[in-house]
Structures are given as C-alpha cells and as structure tokens.
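Asks: How does the following fold in three dimensions:
(2 chains)
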Amino acid sequence: MAGTATKPGRKTIDPATAETWRTWLRQMLLIRRFEEKAGEAYSLGKIGGFCHLYIGQEAVAVGTIASLRPDDYITASYREHGQALVRGITPRAVMAELFGKAEGCSGGKGGSMHLFDASLGFLGGHGIVGGHIPLTTGMAFAIKYRGTDQVAICYFGEAAVNNGAFHEALNMAALWKLPAIYICENNRYGMGTALERASAIYDISERACSYDMANEVVDGQDVLAVKAAMDRAVERARDEKLPTLLEVRTYRFMGHSMSDPIHGHYRTKEEVEEQRKRDPIAVWSGRLIADGVMSEEDVKAMDRQVMEEVEDAYRFAEEAPEPEPEALFRDVYAPEES
Amino acid sequence: MPTLTYRDALNQALREEMQRDDRVFLMGEEVGVYQGAYKVSRGLLEEFGARRVVDTPITELGFAGVGVGAAMVGLRPVIEMMTFNFALLAVDQIVNSAAKMRYMSNGQVGVPMVVRGPGGAALQLGAQHSQAFESWYAHIPGLKVVMPATPADAKGLLKSAIRDDNPVIFIEGEMLYNTKGEVPEGEYTIPLGVADIKREGTDVTIVCHSKTVAVALKAAEQLAADGISAEVIDLRTIRPLDTGTVLESVARTHRCVVVEEGWHFAGVGAQVVDTIQREIFDALDAPVLRVTGAEVPMPYNKQLEKLAKADPAKVIAAVRQVLYVD
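Replies: Numbers count the residues shown, from 1 in each chain, chains lettered A, B, ... in the order given. Down below sits the predicted model:
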C-alpha cells in the first residue's frame, strides 16, 4: 500500500476504536464509489448541469464530520456530495437528487450543487464561491444568541479565500467570538488556477492571523490527522466559543467538473499520478491492515458491499419519479398561514 | 390618534416586535451605540442590549449573509442597510442566498429576514447615493418588496414584514423619516400585498409608491382646482403587487398614470402597465403614461437634480395628456 498514515503500526487497538476506524474506511469507499458512479451517470446523460466530484478528498469529509454532533450545522460549497453522504443523507437520496428526481434530498429542485437535509443539519451545498461562508457565521451567531453549545462548520475551497465574503465572515466570527469552524479544503486549484497564481500568500491558514483566529494546517489525505485537528477545533468552538480556520491540504484527482479533463492545460499527468500515490483510501486501508484491524480480504469485501449500495442508489434514482409539474411553483414562498 | 414621525413609527414597530418575539434582532452599521444613522433604532440598544441590537463592521455582504444564516436556523433578523445604495454589496446574499434557499431546499429551509433601510434619492447626495432599486428586488421570485409612504403604513407594514416567513426587502425613504402622520394607538398590522387608495377620484388613476405618493397627492390637489378628479393609489407593496386594486380603479377611471422615483427602463411602472393593458385593455380611453426619474445617474447640482426627479408638474402634465385636455 502506498502513502503514509499517522503513527502506523500501533499494536493494540480497542474494539470500539477499530469499529470507528472501519466505519471511516467504509465512508471513504462510499464516497469514492458513489462519485465514480455519478461520473458514469453524467457521461450517460442521466445527470445534467454541473457535477463536481470529490474523488481524492474523501478523508476531509470523513475526518471532520466524525468530530461533530447530530445537532451541529454544516454548510458546504458545490463540491458537497461527500459531506452529504458522510453526514447521513442516503446514497439513494443524493443520487436521486443528481438525477433531478422527486425522491432526491432537495426534491430534484436543487441538483448536485444544492443538497439539503435540514433534519441532519446539512444546510446546503451552495453555488457561489465563498457566498456561503457568511451563512456559517450567521448560524454560529444564532448558536451564541440562543446560548446553546452547537458548532457551525463550513467547507470551501482555497480559491474562496481571495474573495470578500471569506474575509467579512471570518472577521465577524473572530470579533464576536462565535463557535464556527471554517474548513478550507485546499485542493491546489480553483478550477484551473493554481493556488500560487491566485493567492499572494501560500499558507491559507496564515489568513487567520488577520483576525487573530486560531488556525491549523493538516494533511488532508490522512483521515486520522484530519480527525485530530478537527477535534481540537470543535473543542475550541464548543467549549471556548472561539472560531478556527482549518486548512486541510488535499488534492482533487478528477477535473474541476465533468467537463474538465483530469490533466491537461493547468496540471500535468505526472503531477496527478504523483498525488495519487497518496490516495486517502489507500493510505487509510494500508494503516488498518498494518494495524491488524482489517485484512486485505476484509477491505475488498467492504468495497464490494459499498459498490452494491451504490448500484442500489443508482437503480433507485433511475426508477424514482420525476417531480410533478405542480412542484414548479411550490416553495417559492412560505405557505400563507404560517 | 397620536401624530408620529415616520421614523418614530418604524421605531415603535421594531420595539414592539422585539418585545413580542425574542428571535427578532436588529443588526447593521451604527444601529446600536450611534442610535442608527437616521435614528430609527433610537433607544433600542438601551432597552434590548447588545445581544439583540448588534453593531457591525462596514461589511454589507457579510452581515447580510449573517442574517441569512441566522434566519436559516430559526432566528428572525432585521438587517439594517444604512442605505440601499450600499446594499448593492449584499445583493449576492439577498438574491442568491435569501431568495432561493426555500426553493433549492425543497421547502426545508426558509429565510424569515427583513432587510430594511432608506432607498432612493435625498437631496444633493450625488450619483452613488441617490438610487431607487425596488424594481431590482421585485424582479426576484422569493423576495417580497415593501415600500411604505406614511408613518401609519410604515409601522403596520414593518410589523407584518418581521412576522413574515419570507425574506422581505423593506425600503424606507430618507426624505420620509421626518414626515408626520396619524398612527393608530396599540397593536395593529397591515398585510403585505395590499395597496391603499390614498385619495379617491373619478377621472384618472395615479399609481405610485413611497416618496411619489406625496408627489401624486400634491398633483391631485392641483388637478382638483382645474376640475380634474384624480384617484391616488399607493401600492405599498411592490411584490406581491396588488393588481386587483389598480385594475378596479382604472376600470372606473379609464385613464392611468404610473409614477415612480426609479428609472424608466424596466421599472416598477412597466409591470403595472403590463397588467393593465393585458387585463382591461378595453377599459382604457388612453395609453397609460409613466412619470419616472430621468435616465441619468443623479447629478449633484441642485437644479439638475430637480430636473431628474418626478415632481407634481410632471405628473399633472401626464394626467392632462391622458385626459386629452391639452
């Protein structure tokens, strides 16, 4: 197995930890297989519009959401299939949404970029780069206003940190001491523009210094490292009521969206191949095998099970009904009575 | 009935709604310690504290987004824009976040938020501070747009806007804050989407809103001296538009002039005219005319500014034209 993992080779793993670790691998495999299937469905014309895949970044969603409570709030960008699945929106509901079907988690009216499940505190994929970052500040404001101990977290790419919404949102979160965690998934490219060509400073985490905000850089291909950093951020938010900027260094193995080739104008085949050596799933399954938590056979069996779940989601999405025409005008405004 | 300024009527509405519902809070630039750039929030910080009257940095996009996020999880923010000229910076949050959240989420997540503050021109504030943007917001499905012209309407409509479960754009007027009018004592609300006949008449209908209500009333008064009876309809809410009241009136008078402060092209009046010609074409005895702001950025010079604005003389000229009296 390629890559490295945090402190590999520990000998005694208690059963509960082992179970959690296996769950993380399963979640990462689910994202990977789901996204591969989504890419296939897109090529077949079953998914329309834009479709941004999460392949390569799986450890970020898994490691961060593992630290959360069910009543915490999550807001994400348009590359949010992974976070939605890990948070617990079913593969069926996500795939049906990508297919634009009535059984989708947004009734087929949101699409790939606008996945919602309010019952899980999953408050959207959002389509304008950086535009959703202030929403998280607002959710954290509401938490403080009510005096509860939830945490509001936000996922965005490194390209978003150059726009005003990021700056305005983080400044207020630090100024008002809000329980927010801003997770920058630094996958090196904003569409086709490399970080170095867009940002005057290389270390995104340093941006937090402008707001006197706690910050950390973490290896996003190592789920255990991500989880540990997120634990620290969540503790800071929940107990100390302070925000964090967490820069998670990761890599997108696929193109920006389905219309963008994996390599070409802005990055080389060699670069992608080099990065693939640190595939987060290979890194983590390697660690679990080295630690004796799973055998290679166990991993393969888990993968087969996940693939079956994804196939089931695909069939479900294909067979699910289209939204009825009346849905067109529904939910533009709130019902009159309320 | 007690007489109040428009400013104090808004202040009463905010105070009453904040007393009534702990989820309601006021956020914006200078709303607290400074008591409001136009003193609409006077005394609220002292009564409700800094938890509920929140001074922000100058960051319209940011605090509009904070309002949307807070509303998404159950609070009822009132976001004050020092003026709607500055709210241009927040349009992404208003249009892309607030207006679409309920729809994109298939009804799961609403945004019960009011964005309020003065819009349009005052006096000699120049091009960047003198713009009427109601037609921009009214264009967006998912938003409601409210523009009261009198103190009584301001209070009753703001209370309804705060209780509404949708994002409501509530545009006041810097030139209206000092105007006085009778305001009913005690609890009352005015429903959104209901126009008000501010003056009854039989010969022509003048449709207007916000600051142009006073313009239209002055014109109607002068027209009366010439024996022309003008009915003045204050739309009060731009979206949803009370087409019923407008159509009923024009069906009686057969002639109509639509007045607004904003620019002519794709303005609110264009929507009113569309409705009239489509619904009661046969009732019209003349084409519907519009009186609007001139199609220019607002000049600073006092005389040029006056020329750019809708005024009673322009309304009278349009009325005489639709009546074919000149």
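
Asks: Tell me the secondary structure of the residue of the stretch 201-338 of chain A at minimum distance from chain B, please.
Replies: Proximity of the stretch 201-338 of chain A to chain B (C-beta to the nearest C-beta) peaks at A:Ala334, 3.5 Å away. Any C-beta I mention is one placed from the backbone N, CA and C, and that applies to glycine too. Secondary structure for A:Ala334, judged by DSSP: H, G, I helix; E, B strand; the rest coil, is coil.

Asks: ok, and for the lengthiest helix in chain A, which residues are buried?
Replies: For chain A, the longest helix by residue count, based on DSSP state H, is helix A:15-43. Neighbour-count burial for helix A:15-43, counted by 16 or more other C-beta atoms under 10 Å in any protein chain shown, picks out A:21-22, A:24-35, A:37-39, A:41-42.

Asks: cool, stretch A:188-201 as well?
Replies: A:188-190, A:195, A:199.

Asks: could you give the mean pLDDT of that stretch?
Replies: Mean pLDDT, stretch A:188-201: 94.

Asks: okay, how far is it across that stretch, tip to tip?
Replies: Using C-alpha to C-alpha, to the nearest Å, the end-to-end distance of stretch A:188-201 comes out at 13 Å.

Asks: Go ahead and name everything in contact with that stretch.
Replies: The contact list for stretch A:188-201, computed with C-beta atoms under 8 Å, 6 or more residues apart in numbering or on different chains, reads A:129, A:157-162, A:186, A:202, A:204, A:207, A:251-252, A:256, A:260, A:265-267.

Asks: Which parts of the stretch 1-150 of chain A are helices?
Replies: Using DSSP state H, counting those that start in this stretch, the helices of the stretch 1-150 of chain A run over residues A:15-43, A:58-65, A:81-87, A:91-98, A:133-146.

Asks: would TSV of the ones you listed with distance to A:Val272 be doable?
Replies: Converted to TSV, the helices of the stretch 1-150 of chain A look like this (distance: least, C-beta to C-beta, whole Å):
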stretch	distance to A:Val272
helix A:15-43	15
helix A:58-65	16
helix A:81-87	19
helix A:91-98	24
helix A:133-146	28
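
Asks: Serialize those to CSV and add fields for distance to chain B and mean pLDDT.
Replies: Below are the helices of the stretch 1-150 of chain A laid out as CSV (distance: least, C-beta to the nearest C-beta, whole Å; pLDDT from 0 to 100):
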stretch, distance to chain B, mean pLDDT
helix A:15-43, 19, 97
helix A:58-65, 18, 98
helix A:81-87, 12, 98
helix A:91-98, 9, 98
helix A:133-146, 2, 98
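
Asks: need the contact list for residue 136.
Replies: As the question left the chain open, I've gone with chain A. Residues near A:Thr136 by C-beta under 8 Å, 6+ apart: A:73, A:75, A:152-154, A:169, A:180, A:182, B:69.

Asks: please go with chain B instead
Replies: B:Trp136 sits in contact with B:Val91, where contact means C-beta under 8 Å, 6+ apart.

Asks: do A:Phe34 as well
Replies: By C-beta under 8 Å, 6+ apart, A:Phe34 lies in contact with A:81, A:85, A:91, A:94-95, A:310, A:313.

Asks: In its sheet, which strands sit next to the longest strand along chain B, and in what direction?
Replies: With secondary structure taken from DSSP state E, chain B has its longest strand at strand B:256-263. If you go by DSSP bridges, strand B:256-263 pairs up with strand B:204-208 (parallel), strand B:289-293 (parallel).

Asks: Tell me the first helix or strand C-terminal of the last one.
Replies: Later in the chain than strand B:289-293, the nearest helix or strand by DSSP states H and E is helix B:302-308.

Asks: could you give the mean pLDDT of whichever helix or strand comes after that following helix?
Replies: Next in sequence after helix B:302-308, counting helices and strands by DSSP H and E, comes helix B:312-322. The average pLDDT for helix B:312-322 rounds to 98.

Asks: Run through the neighbouring helices and strands of helix B:312-322.
Replies: Counting contacts by 3 or more C-beta pairs under 8 Å, 6 or more residues apart in numbering or on different chains; DSSP states H and E, helix B:312-322 packs against strand B:204-208, helix B:212-225, strand B:256-263, strand B:289-293.

Asks: so B:Gln35 is in which element?
Replies: Using DSSP H and E, B:Gln35 sits within no helix or strand.
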